[in-house]
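Peer 1: What follows is a protein structure lacking sequence information:
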């Protein structure tokens, strides 16, 4: 079984090494001999830590796809084009494809799944969701009859690292981001990570597979973590919560689907709260199975290559049996807008410290039918609030009962107009403990 | 695809309901129509919450196995016989088998796997390891090329519930056990749970599949939780650990395998430390993938039936394609005895409170080459130690550096002979944080 690999960065190089190291064991267990016979690279002159003869490499990716000796194609280039066309060409040539490309699957997944069905060969993409963490396979196979209501994931290791360091080391957002960049977790332009776009692409893929409906990256509403302050973290911790950036995919009784990425307060006893550093985890709630969580390394060459290898063996075995695992057809999901969702909220307001202000604020909540669960005035001196006290300001922290997003937004809009309100800090949704 | 179900307890009844509820969805996704057509029960007169015609039921299990209209057999009777013979008969008749029977697989797994290969049909047993938690499928498929070094599992919900309540509510072991019994988590005779036999069977299955060698329940060394005291829990917590009953399967460089069940101190930041109540989790360490954890409900009718259903659909799909997933052949594992393992240890001694005692104790540690990492005299008044102080006793808590089990046992043996040592409490292995 000859494998053509498109791209030879971290993941491609790790995959080539894994195939070399484990091909005997895989042959023993499956009867299939895997070998990487062609590799498309950007530059032939770059030094690589890969033990393959020079003639294996080419800068022309289509040469790999069209090589009649290549049975199966692994796409680890990333991005939409030329990856999309190369995947389509491979499938059309009857070659199964394994990809780690979240952007591609999140934007063109259902089109590619249909092409895979037309060709009767596999298109597998475990590594596109949470790196080395097995999720798509258990979801599709182990949970085949399961009625999944919600999936919540910490699917971006960079932001989880930043939030962990802010929580455990007391670093500011800027300090934690700088460290993440120096460790190579975050790009020089960190937008895709910290604004939740990367997690949003993964959430779109999760929603598509969990609910069997077409959800694309553009359907996902986003909020990032750049505005999370030390005060928010301190309050969250004192109230028994960890702040995590979650990708959440949820299906309602009317079959509408909501998919969004935002920071949330996760109770300390929730399994997602204990996911630290750059680890990923996906928490699933199903009717029969109850709560499940899948935890592990969501990035990195070898963990990601491990998932690519699992898919590669599966696709090769199916190819040998002339069968494939169909994902079925996907109708467009009915997306429920975030305005229509209900949450409990954490709100952090800085107000003038004088009589009557709380009444004015509470009045606005009541007007918009947002019911208050608890309120406290800042007992902490964190995040420069000593200065604020000197300036005659106080901090009010509210936790609401479950309220409609649009009502909360309307409340916030009017609060901003109140002279007594100096500023509004973070607005965080509060996740409940599992039963 | 007609399914015969052997046993109609919690899991069997839940499976019948799940098949009924999800068969349309499964047919849409796989093209296979599942139907439960025969069910073997102990008594026909018992009321059941199952919507099937009376003629489906029989008290003769072999009638289900031998019914020519039954394509696939689900075994949820439990125990070794007659389950073993019924599974063998089903396989011999060319009928795939799905089982949730940990005792059967832990004692006769490799014999049954060989029978499945001879017959060319599946024998699947996901539900036998951690109820609804997908582990065997990800291990076999997603991690097919992975070099797994160690798997640690909280695979017994009853003992995890007891330890959680002792930790969080301050209950004694007896109080927590009584509550577990009243909730139906623990049997009237709780031995199989609290002494680690049930977890040991699961650890044997995990070791067999993770390392590809035959490991049976009798290869697993056991220690239970009945001797864990409030003092141990208090010390563990203060030192930053949670006490958990772990099943651990480990493979060494010489390919020897150690499998044991014992309570252990798990660092607060380790993902296993956050597994509370009756939840299960399996933590795996692999060369390429790094650390993974699979978390969920390890027991209960519907979670377990969810795993059985996933296997059933898989086995049915393979049967339809006249293929099956071979587990391969298994040679007998070389078992490394627990005496040869190395750990850090927590030791809790009650000694006469007088000069020279610590020197005498430390001398014995040194003699057996057990090096002390830290020692402290009891600063807590817990677990009746006020009485002990009045009696001129003190408590010494040691954490050792990594030491050989046999050396620690030899030390303990001599310590018991010291007149100054009043009693020796728990001896707990200490687990390290992941990197």
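Peer 2: That came through, no problem. Predicted model, so just to flag it, every value in this text is computed and none were measured.
Peer 1: What residues does the stretch 51-200 of chain A have near chain B?
Peer 2: Counting by Cβ under 8 Å from any Cβ of the partner chain, the residues of the stretch 51-200 of chain A close to chain B are A:126, A:132-134, A:137-138, A:141-147. The way it works is simple: take the backbone N, C-alpha and C, and place the C-beta from them, glycine included.
Peer 1: Could you list which residues are in contact with residue A:73?
Peer 2: By Cβ atoms under 8 Å, 6 or more residues apart in numbering or on different chains, the residues touching residue A:73 are A:3-6, A:64-65, A:86-87, A:90, A:95-98.
Peer 1: scratch that, residue A:258 is what I was asking about
Peer 2: A:248-250, A:252, A:335-338, A:340-341.
Peer 1: make it 7 Å
Peer 2: Contacts for residue A:258 were tallied using Cβ atoms under 7 Å, 6 or more residues apart in numbering or on different chains; they are A:250, A:335-336, A:338, A:341.
Peer 1: Any idea what residue A:152 is bridged to?
Peer 2: Note on residue A:152: beta-bridge partners by DSSP bridges are residue A:248, residue A:283.
Peer 1: hang on, it packs against residue A:246?
Peer 2: Yes. Contact criterion Cβ atoms under 7 Å: residue A:152 and residue A:246 qualify, at 5.1 Å.
Peer 1: mind checking pLDDT for residue A:434?
Peer 2: Residue A:434 carries a pLDDT score of 73 in this model.
Peer 1: What count of nearby residues applies to it?
Peer 2: 17 (other Cβ atoms under 10 Å in any protein chain shown).
Peer 1: Looks to me like it is in a helix.
Peer 2: No. Looking at residue A:434 with DSSP: H, G, I helix; E, B strand; the rest coil, it is coil, so not inside a helix.
Peer 1: thinking it is in contact with residue A:291, fair?
Peer 2: Yes. Assessed by Cβ under 7 Å, residue A:434 is found in contact with residue A:291 at 4.7 Å.
Peer 1: Name the next helix or strand downstream of the least confident helix or strand in chain A by mean pLDDT, please.
Peer 2: In chain A, no helix or strand scores lower on mean pLDDT, DSSP states H and E than helix A:385-390, which sits at a mean of 60. Per DSSP states H and E, helix A:385-390 leads on to strand A:393-400 as the next helix or strand towards the C-terminus.
Peer 1: Name the residues that touch that next one?
Peer 2: A:235, A:344-353, A:361, A:370-378, A:385, A:388, A:422, A:430.
Peer 1: Apart from its chain neighbours, what residue comes closest to residue A:87?
Peer 2: Setting aside the residues directly before and after it, residue A:87 is nearest to residue A:97 in space (Cβ to Cβ, 6 or more residues apart in numbering or on different chains), at 5.1 Å.
Peer 1: which residues touch that neighbour?
Peer 2: A:73, A:75, A:87, A:90-91, A:123.
Peer 1: where does residue A:321 land on pLDDT?
Peer 2: Confidence score, pLDDT, at residue A:321: 89.
Peer 1: low-confidence ranges in the stretch 151-300 of chain A?
Peer 2: Within the stretch 151-300 of chain A, not a single segment meets pLDDT under 70.
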